[in-house]
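>>> starting from these lines, generate the structure:
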Amino acid sequence: MPGKSPFRIEPPARATINIAVIGASGNVGSRVLGLIAAEHSGVGLRLVAVANSRAALIAREGLAPAQACARLLAAAPEAGFAAALLHLPRPLIVVDCTASAQIAAHYPRWLAAGIDVVTPNKFGPSADRPLARAIAAAQATSGALLRDSTTVGAQLPLLQTLRDLHAAGDRVERFEAVLSGTLSYVLGSVQQGEALSAVVREAFALGYTEPHPASDLSGEDAARKLVILLRALGHDIEFGDVERVPLVDAELLDEPDPARAIERLQAIDETWRARVAIAQARHERWIYRASFDGARARVAPERVACAHSLANLAPCENALILHSAYYHVAPLRIAGPGAGIDLTAAGVFADLLAAAWHYAWRADSAAVEEFTVEEFAADEIEAAA
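Presented below is the predicted three-dimensional model:
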């Protein structure tokens, strides 16, 4: 059969999976809509709802993903959108592309109703114990899943790797990491001679930062990622347990407008030039390091020797160096780009497709059971020929 790979199992073509995208007009959300519009996996994705912080739009018959943002921007506010999702046709996957704690608070209700949630939003997976336990209980009750692989490292396999090691019985002794691609970009550029305020402004314009860069510069974003990684390893920890040293003093970050907050950073441009000069004289580099020593979890700006593995990362790169019972001869090292709109959107879309394929195959399980190994082999041989 021309054009068909003999190594790919196609999903059931008749499956229709309903999708709701929250944060649809934002940087990541709009890119995810573009990927849905161009999707050719064979699973039928039907966009039935979109929302942002100002309005919402629901269309059971389906929305054209390419026009959804424009229609949303012209839509009126819709009260009760979170509750309205419970009444949409199933199977349904909610894609939360916000950085909102308020949206994350709805996860238990959606999951308990059998709605999968795909998200890069760290506020659910790093929530304090009451919400975190409610999310876990809802998944256990309904079988729906919170797919959150892009909450740490964009599309890097950091989170799933730690979950797999924990499931396999590994015991992590310690690890150190650079978890903020934003701060990796900022510190890398500052150490190349650029002014801190100018670099943060550039990172904000490129979509590398959180919606407000204070989340990055305060260390909050890195601390939440560390909580998510440690929970993947089975640790009962929450955000308040992480020792957090900000890159920038809190009084410079209490401005709610991102642009004005960035302007304030000019006050410490010379301070950081001096810090960089001292580090270079000592053959050191600044990194924003996340660490766990078996008891203490910490995120902080620190100087490390230029020969250190974490000192040689490319801008926006994340890295993890892990020592465990299984990795005692040499540590496990994972590194790669960990920030950016396109990378995050691609990872969210991959999680969305994984959820959609799960529903498609479950819906077609009877047909799969009737399809014998011999029939499969014959069909694949014929296709290859």
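>>> pull up the per-residue confidence for D379.
D379 is assigned a pLDDT of 53 by the prediction.
>>> how many neighbours does the closest residue to T98 other than its chain neighbours have?
Using CB to CB, 6 or more residues apart in numbering and skipping the chain neighbours, the partner closest in space to T98 is G23 (3.9 Å). To be clear about C-beta, it is placed using only N, CA and C from the backbone, and glycine gets the same treatment. Neighbours of G23 under the rule other CB atoms under 10 Å: 25.
>>> quick one: low-confidence ranges for the stretch 151-300 of the chain?
For the stretch 151-300 of the chain, no stretch has pLDDT under 70.
>>> which parts of it are strands?
In the stretch 151-300 of the chain, the strands defined using DSSP state E, counting those that start in this stretch lie at 172-178, 243-244, 284-292, 297-305.
>>> so what does the second one touch, helix or strand wise?
Think strand 243-244. Counting contacts by 3 or more CB pairs under 8 Å, 6 or more residues apart in numbering; DSSP states H and E, strand 243-244 is packed against strand 297-305.
>>> direction included, what does the strand it packs on pair against?
strand 243-244 (parallel), strand 284-292 (antiparallel) (DSSP bridges).
>>> and of the ones you listed, who's closest to T119?
Distance to T119, taken as CB to CB, is lowest for strand 284-292 among the strands paired with strand 297-305, at 20.9 Å.
>>> what's the angle between the closest one and strand 172-178?
Going by axes from the mean of the first three to the mean of the last three CA atoms, to 10 degrees, strand 284-292 is angled at 140 degrees with respect to strand 172-178.
>>> show me where the stretch 1-150 of the chain has strands.
Under DSSP E, counting those that start in this stretch, the stretch 1-150 of the chain gives strands at 16-22, 44-51, 56-63, 92-96, 116-118, 146-147.
>>> of the ones you listed, flag the one that's most buried.
strand 116-118 (a mean of 28; mean count of other CB atoms under 10 Å).
>>> model confidence over it, on average?
On average, strand 116-118 scores 98.
>>> likewise for stretch 340-348?
93.
>>> extract the CA atoms of it and return them as CSV.
Extracted in CSV, the C-alpha atoms of stretch 340-348 (Å, rounded to 0.1, in the frame of the first residue of the first chain):
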residue,chain,number,x,y,z
GLY,A,340,10.5,28.1,24.5
ILE,A,341,7.0,28.4,23.1
ASP,A,342,7.5,25.9,20.2
LEU,A,343,9.1,23.2,22.4
THR,A,344,6.5,23.5,25.1
ALA,A,345,3.6,23.4,22.6
ALA,A,346,5.1,20.4,20.8
GLY,A,347,5.4,18.6,24.2
VAL,A,348,1.8,19.5,25.1
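>>> return the set of buried residues in it.
Neighbour counts using 16 or more other CB atoms under 10 Å place 340-341, 343-348 of stretch 340-348 among the buried residues.
>>> again with stretch 71-80
72, 75.
>>> give me the residues contacting that stretch.
24-25, 50-52, 54-58, 63, 84 (CB atoms under 8 Å, 6 or more residues apart in numbering).
>>> 7 Å instead, please
Under the criterion CB atoms under 7 Å, 6 or more residues apart in numbering, residues 24-25, 50, 52, 54-57, 63 lie in contact with stretch 71-80.
>>> same deal with stretch 229-248?
Applying CB under 7 Å, 6+ apart, the set of residues contacting stretch 229-248 is 126, 128-129, 152, 158-159, 162-163, 166, 172, 183, 217-219, 223-224, 226-227, 265, 268, 288, 292, 296-301.
>>> pull out the buried residues from the residues you listed.
By 16+ other CB under 10 Å, these give 126, 152, 158-159, 162-163, 166, 172, 183, 217-219, 223-224, 226-227, 265, 268, 288, 292, 297-301 as buried.
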